[in-house]
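Chemist: next come a sequence and a model predicted from it.
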Amino acid sequence: MLIVMRRNATAEQTGAVMAAIEARGFTARPIPGGERTAVGILHNEGPVDPSWFAGLAGVKEAIAVTRPYKLVSREFQLADTVVRVGPVAIGNGRLILIAGPCAVESEDQALATAHAVRSAGAHLFRAGAFKPRTSPYAFQGLGEKGLRILEKVRSETGLGIVTEALDHVIFDAVEAAADVVQIGARNMQNFSLLRRAGRSRKPILLKRGMSSTVEEWLMAAEYILEGGNPNVILCERGIRTFAHHSRNTLDLSAVPVVQRESHLPIIIDPSHAAGLRNQVLPLSRAAVSVGAHGLMIEVHHDPDKALSDGSQSLYPAQFQELCRQIGALYELVRAAGADHTKEGAAHGTETVS
Ligand code: PEP
Ligand code: MN
């Protein structure tokens, strides 16, 4: 249930509505809008009777929320969420490029790759210090030492750092070193990790689980927002299908669906979707055309020697070409009039403006 306040409602009236919600044992979550405030009702186990609140002073209307997710939904918040990482804004009408190797392997490797992706035009650097590997015998990442290298990359290049937290135990250390904490596909429904991310002040990049529906993915994001962290970036990275010409199948249709259902920004990782570097550029072009807010691309200064995901990692020159092409394409797509806020997003309630 969403209680929409009148334009001229006072702070006291909103406070009284919140108190009335809390008095019934629910949680009241204010959602300030451009012109008016709304108050979301959370933690109601059964149906809520709109008449309990509709007659209170300053209330315009009480609207039933029809989706299982609330805080992430367009019904709760019409305007796009813009996630800020230092000077970089994700979801704000500019395509954001996150690039770097699968894993931090050494200081030289991380710095060489970071300088290469920065000069090509990347806005943020990615690399895992803790790696989720299918095999326990595969390279697991440098751990804390990798985090120290990532800090050095930031201080030398100025690029913000995106890196993965594998569990809630290691979260504190990753959070301290990162500018954005990544939750990987395998951990999308790791609920203790999601709850810890909800208490974080750092933005969270939440990858879609490889066998998850969009609804399950949005429910995972809901855990983070419900925990108090509004800064979530969704990342589509391919799902499991019967096809084996690529590592996963990139679900491009997730972009307009998410943009219709949610105000959160959505980016695409074509590298883990494809698994093969020759598919990364075409899928990146498709991602831009479909309206993604950004791309996450694996790049290695010497992919043939990479300790993980070398076959999908671009050579620096290929990343440079990708930046050139998608920069031009992005302008073209915008000039053609593509506007996700009209195509997908304008289906939420218009009242929360
Ligand atoms: C990664 O980005 O390094 C990664 C492991 O990706 P995913 O969780 O999508 O497999
Ligand atoms: Mn990888």
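Modeler: The structure has been received and is ready for your questions. Numbers count the residues shown, from 1 in each chain. Ligands and ions are numbered 1, 2, ... in the order given.

Chemist: do you know how far the residue in the chain positioned nearest to ligand 2 is from residue 217?
Modeler: Going by CB to the ion, ligand 2 is nearest to residue 102 of the chain, at 3.2 Å. Bear in mind the C-beta positions are built from the backbone N, C-alpha and C, glycine included. Using CB to CB, to the nearest Å, residue 102 is found at 22 Å from residue 217.

Chemist: look up the closest residue to the residue of the chain closest to ligand 2, ignoring the ones flanking it.
Modeler: Closest residue to residue 102 apart from its sequence neighbours, by CB to CB, 6 or more residues apart in numbering: residue 309 at 3.7 Å.

Chemist: contact partners for residue 248?
Modeler: Contacts here follow CB atoms under 8 Å, 6 or more residues apart in numbering; on that basis residue 248 touches 210, 237-241, 272-275.

Chemist: filter the residues you listed down to the buried ones.
Modeler: For the contacts of residue 248, a neighbour count by 16 or more other CB atoms under 10 Å gives the buried set as 210, 237-239, 272-275.

Chemist: of all these, which comes closest to residue 88?
Modeler: residue 237 (20.0 Å; CB to CB).

Chemist: before we move on, the earlier item: export the contacts of residue 248 to TSV and append columns for distance to residue 30, pLDDT and secondary structure.
Modeler: As requested, the contacts of residue 248 are exported to TSV (distance: CB to CB, whole Å; pLDDT from 0 to 100; DSSP: H, G, I helix; E, B strand; the rest coil):
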residue	distance to residue 30	pLDDT	secondary structure
210	36	97	coil
237	34	98	coil
238	37	98	coil
239	36	98	strand
240	40	97	coil
241	42	97	coil
272	37	98	helix
273	38	98	helix
274	43	98	helix
275	44	98	coil
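
Chemist: where does the most centrally placed residue in the chain land in three-state SS?
Modeler: Nearest to the mean C-alpha position of the chain, by CA atoms, centre = their mean, lies residue 233 at 1.4 Å. Look at residue 233: counting by DSSP: H, G, I helix; E, B strand; the rest coil, its state is strand.

Chemist: wait, residue 86 touches residue 161, no?
Modeler: No: taking CB atoms under 8 Å as the definition, residue 86 is not a contact partner of residue 161, at 10.3 Å.

Chemist: who has more neighbours, those two?
Modeler: A side-by-side neighbour count of residue 86 and residue 161, using other CB atoms under 10 Å, places residue 161 first with 25 against 12.

Chemist: surely the more buried one meets residue 128?
Modeler: No: the criterion here is CB under 8 Å, and residue 161 misses it with residue 128 at 10.9 Å.

Chemist: and this structure, which of its residues are near ligand 1?
Modeler: 102, 128, 132, 184-186, 207, 237, 272 (CB under 6 Å from any ligand atom).

Chemist: and those, which are buried?
Modeler: Neighbour counting with 16+ other CB under 10 Å marks 102, 128, 184-185, 207, 237, 272 as buried within the residues of the chain next to ligand 1.

Chemist: what number of residues lie near residue 190?
Modeler: Neighbour tally, residue 190, other CB under 10 Å: 20.

Chemist: tell me the bridge partners for the spatially closest residue to residue 179 that is not a sequence neighbour.
Modeler: Nearest residue to residue 179 in three dimensions, chain neighbours excluded: residue 160, at 3.7 Å (CB to CB, 6+ apart). Under DSSP bridges, the beta-bridge partners of residue 160 are residue 124.

Chemist: contacts only, for residue 160.
Modeler: 85-86, 88, 123-125, 154, 179-180.

Chemist: buried ones among those?
Modeler: The neighbour-count test (16+ other CB under 10 Å) marks 85, 88, 123-125, 154, 179-180 as buried among the contacts of residue 160.

Chemist: so what does the longest helix along the chain touch, helix or strand wise?
Modeler: If you go by DSSP state H, the chain has its longest helix at helix 316-335. Packing partners of helix 316-335 (3 or more CB pairs under 8 Å, 6 or more residues apart in numbering; DSSP states H and E): strand 96-100, helix 107-120, helix 280-290, strand 294-298.
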